[in-house]
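*Asks:* the amino acid sequence is not available; the structure is as follows:
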């Protein structure tokens, strides 16, 4: 800790300056913390907030992608089938509704999983 020619340490001088600035601008004074340290912490907080905001926006985009996929098959274009008829027709060919449903469900879940995994990867900017 350096002492100036008048015998005051850098820390005490910084404390005096900080207290004087606090009194001048009318804010509470909390002790030994320099204005430059506050500025550094504020900048770090801004950078963290910027990163969190970017990640949130990226996640919102991925959720929108999932929602768009959900809306891709509207009922007015693709009405719900009569599953009794579907079961009868498929069984004639040796296929069960359950196997078709499971196949479709796997396809959808794989698509959603791919979108979700893109959220865990680093952005490609």
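*Replies:* Yes, it's here. Since the structure is predicted, the reported quantities are computational estimates derived from the model, not experimental observations.
*Asks:* for the protein, which residue occupies the most central location?
*Replies:* residue 56 (2.9 Å; C-alpha atoms, centre = their mean).
*Asks:* the lengthiest helix in the chain: which residues count as buried?
*Replies:* Counting by DSSP state H, the longest helix found in the chain is helix 35-70. Residues of helix 35-70 classed as buried: none (neighbour count, 16 or more other C-beta atoms under 10 Å). C-beta here means a position set from N, CA and C on the backbone, and glycine is covered the same way.
*Asks:* and the next helix or strand after that helix, what does it pack onto?
*Replies:* Per DSSP states H and E, the first helix or strand lying C-terminal to helix 35-70 is helix 83-92. Applying 3 or more C-beta pairs under 8 Å, 6 or more residues apart in numbering; DSSP states H and E, one finds that helix 83-92 contacts helix 97-120.
*Asks:* what angle separates the helix it packs on from helix 35-70?
*Replies:* Interaxial angle of helix 97-120 relative to helix 35-70 (axes from the mean of the first three to the mean of the last three C-alpha atoms, to 10 degrees): 160 degrees.
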